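J.: All I have is the shape, not the residue letters:
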Ligand SMILES: [Cu+2]
């Protein structure tokens with residue numbers, strides 16, 4: 001007696017859907033944490049201030065910003081949402097924590113005096129970006 005057709009028939013389509021859903025979720029999670037980062041070098045203005053506009057919407061864009069050491073930096077954070085996650089931005093290495101009003105541009109100014117990579121985050125450490133300070 002052949003039981004194989006029975007075994008095939010007993011695979012529940014819901015189980016298949018759950019397994020496939022799990023695979024998709026894992027792939028999305030990996031992409032979120034290890035996917036490509038948007039890296040941009042700040043442009044210096046005539047006054048020698050390295051400025052860049054960062055859009056805040058479910059994340060920071062760009063989220064990797066390259067600047068030069070010992071030259072003033074101005075990051076214009078434009079918060080394009082009201083989600084409470086992004087209402088604050090912190091640069092712990094530079095002692096900066098600032099509220100970002102929704103749909104407004106908030107300039108954050110500092111002069112990086114040490115080279116290296118410095119993380120900036122939202123108030124809850126969920127959204128992340130990175131400042132790379134290069135030696136001139
Ligand atoms: Cu947050």
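T.: Cool, the structure landed. No experiment lies behind these values; they were computed from the predicted model shown. Numbering: from 1, shown residues only.
J.: wait, isn't residue 61 in contact with residue 38?
T.: Yes: Residue 61 lies in contact with residue 38 (Cβ atoms under 8 Å); the separation is 5.9 Å. In this view, the C-beta of every residue, glycine as well, is placed from N, C-alpha and C.
J.: ok, those two, which is more surrounded?
T.: Between residue 61 and residue 38, counted using other Cβ atoms under 10 Å, the more crowded position is residue 61 (15 against 12).
J.: Tell me who's in contact with the more buried one.
T.: Counting by Cβ atoms under 8 Å, 6 or more residues apart in numbering, residue 61 touches 38, 54-55.
J.: And the ion, is the one helix or strand residue 97 maps to touching that?
T.: Assigned by DSSP states H and E, residue 97 belongs to strand 96-99. No: using Cβ under 5 Å from the ion, strand 96-99 stays clear of the ion, with a minimum separation of 12.6 Å.
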